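Asker: kindly generate the corresponding structure for this input.
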Amino acid sequence: MNRLLHLSLILLLFPVILPAQKKKETIRIVNVDSGWANNSINTVVFRKNSIVSFKDTQFIAFYDSKSYVVLGKRKIGSTHWQLKHTSFKGNTSDAHNCIGIMTDGTGYLHLAWDHHNNPLRYAQSIAPRSLEMTDKMAMIGNAEQRVTYPEFHRLPNGNLIFFYRDGESGQGNLVVNHYDIRTRKWTRLQSNLIDGQGQRNAYWQAFVDKKGIIHISWVWRESPDVASNHDMAYARSSDEGKTWTKSTGEKYVLPINAATAEYACKIPEKSELINQTSMFADADGRPYIASYWRDAGDSIPQYHLIFKKGNEWQIQNLGFRKTAFSLSGAGTKRIPISRPQIIAWSEGNRLNAAIIFRDEERGNKVSAALCRDLGHAGSKWQIRDLSAISVGSWEPSYDTELWKEKRILNLFLQRTEQVDGEGSANIPPQIVKVLEWSF
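Answerer: Prediction:
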C-alpha cells in the first residue's frame, strides 16, 4: 500500500488530538474625552454601569469639566466615540452623585444621575441606541424624593431592575423597581426589601447572572460613621425580584432584617470593613463577594473573597498588603486602596477568579489579583498591574454585559483625586478611557 495512503488511513482511524490553544491575552487602552477629575464621582465603584453594551454597541457616561453629563457610544472594538453633551447637570462636589446607565433589551438607554438624598433624576433615550434623551421623568412617582445609589441591571429577557436607597445613611430602605420592555413602564416590586428597623441600613451590591438570578449582598451600617459597618449578608431572587431566598433555597419573609438575614461572613464593627464593593455570580450561578477588612488580631486591612462552594461559604484572605490604615467618619473617604471588583469563570473543572483594584503600595496603578484554581488546596493569587501609570483615587467599574456575553473585561478608566470628606482637589480635567482586557 502506498505509504502516504497508509498514513492517511491511520489518521482517520486514530485522529491526533491537539492541545487546546490558550486564549491570547491583550490589553488596550482607548481614549474617550476629558472629564471632571476633582473628586472620584466618575470613578466610584458603585457605578452601575459606567459603560454598558447592547449587541455591537457600547455606551459610556461621565461628567465633563463643567459638571454636565456626557453620553457616548461606539461600535465594540472601535477607537472612535460619538459623544453627546447633555443639558443634565450634577452636583459634582459630592462624589456620591455618580451616573448610572443601562440599555434595556430593545436598545433604549436608561440614565440616572446626581443622587444623594435628593429627588430622582431619570431619563430615557428617545429611540434605540440613541444618545438623545427625554426630559427628566418619574419612574413610579412615590418614594422618589430621597434617592441615593441608583443602579440598573438588565435581565436576560431584556427587562430591567432598578435599585436605590430611600432615606439616609443609617436609616434607609432598599427600593426595587421593575421595567417591562413590552409596556415600557416601571412598577414597584419592593418598597423596603431590606429593613434596618430604624436602627441601621444596608449598603448593598447586586449582580444578575446569565440565568437571570438576581444576587445581592450587603453590610449593615449602624450610623453614618463608616466604622460601624459590620457583617456580610446575602439573598437571591429567581423571579425578577418578586420573591427572595437564602443561598440554601429557604424563602425569606420580607422585608429582610438583621435577625433573619443569611450571613456569608460575620465581621465585627471597627474592622475597617468598607461598604458597597462587588457582587458577582458565574455562569453556573455561584455567588462571589469581594471586599476588604481587617481580621481580628491583624492591623492591616486585606482584600477578601467570599464565595459559595458546595453547601459552604468559603473565605479567602488574599493577604498581600503590608500597610495599615483606619476607616472612620462620614462622607466619601480618601482611602489608600480602592474597593474591588470580582469576576469569575470556569475552565473545565477549575474555578478561576480575578479581583481588580488599586493600591498605593503599587503606585495606584490598575492592578489585578488572579487565582487559576480557586478553592483548591495550594492555589495562589498572582498580582499584576494592568496600567503603567497612576490612576489616583480611581475605583473599578466595568461593562457587566460584555463580560457575561464575551468574557472580555472593559474597565472605565480615569485618573481622579478624592479629598477626604466631600472636598474638591485642584487638578485639570483628565482623559476618560476604556481599558480593554481580554484573556
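
Asker: show me the contacts for residue 253.
Answerer: residue 260 (CB atoms under 8 Å, 6 or more residues apart in numbering). Using the backbone N, CA and C atoms, a C-beta is placed for each residue, glycine as well.

Asker: checking it next. Helix, strand or coil?
Answerer: Secondary structure assignment for residue 253 (DSSP: H, G, I helix; E, B strand; the rest coil): coil.

Asker: kindly report the same for the one 5 residues further on.
Answerer: When states are read from three-state DSSP, the local structure at residue 258 comes out as coil.

Asker: can you name the next helix or strand after the host helix or strand of residue 279?
Answerer: Here residue 279, judged by DSSP states H and E, is contained in strand 278-281. Sequence-wise, the next helix or strand downstream of strand 278-281 (DSSP H and E) is strand 287-293.

Asker: mean confidence score for the next helix-or-strand element following that following strand?
Answerer: Next helix or strand after strand 287-293 toward the C-terminus (DSSP H and E): strand 302-309. The pLDDT scores in strand 302-309 average 96.

Asker: tell me, how many neighbours does residue 212 end up with?
Answerer: Residues lying near residue 212 (other CB atoms under 10 Å) number 16.

Asker: can you tell me the closest non-neighbouring residue to it?
Answerer: Closest residue in space to residue 212, ignoring its immediate chain neighbours: residue 156 at 4.5 Å, by CB to CB, 6 or more residues apart in numbering.

Asker: next one: residue 400
Answerer: residue 49 (6.0 Å).

Asker: where do the helices sit along this protein?
Answerer: Applying DSSP state H to the chain gives helices spanning 3-13, 400-406.

Asker: name the helices or strands packed onto the last one?
Answerer: In terms of contact count using 3 or more CB pairs under 8 Å, 6 or more residues apart in numbering; DSSP states H and E, helix 400-406 is assigned the packing partners strand 51-54, strand 408-413.

Asker: can I get the ones you listed in JSON lines including mean neighbour count, distance to residue 44 and mean pLDDT?
Answerer: Output for these, formatted as JSON lines (neighbours: other CB atoms under 10 Å; distance: least, CB to CB, whole Å; pLDDT from 0 to 100):
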{"stretch": "strand 51-54", "mean neighbour count": "24", "distance to residue 44": "14", "mean pLDDT": "98"}
{"stretch": "strand 408-413", "mean neighbour count": "24", "distance to residue 44": "10", "mean pLDDT": "97"}
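
Asker: same list (the ones you listed) but as CSV, adding distance to residue 88.
Answerer: What follows is the helices and strands packed on helix 400-406, written out as CSV (distance: least, CB to CB, whole Å):
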stretch, distance to residue 88
strand 51-54, 17
strand 408-413, 18
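
Asker: tell me which of those lies nearest to residue 213.
Answerer: When the helices and strands packed on helix 400-406 are compared by CB to CB, strand 51-54 sits nearest residue 213, at 19.4 Å.

Asker: contacts for that closest one next, please.
Answerer: 58-61, 76, 101-103, 107, 129, 154, 397-402, 405, 410, 412, 434.

Asker: thank you, goodbye.
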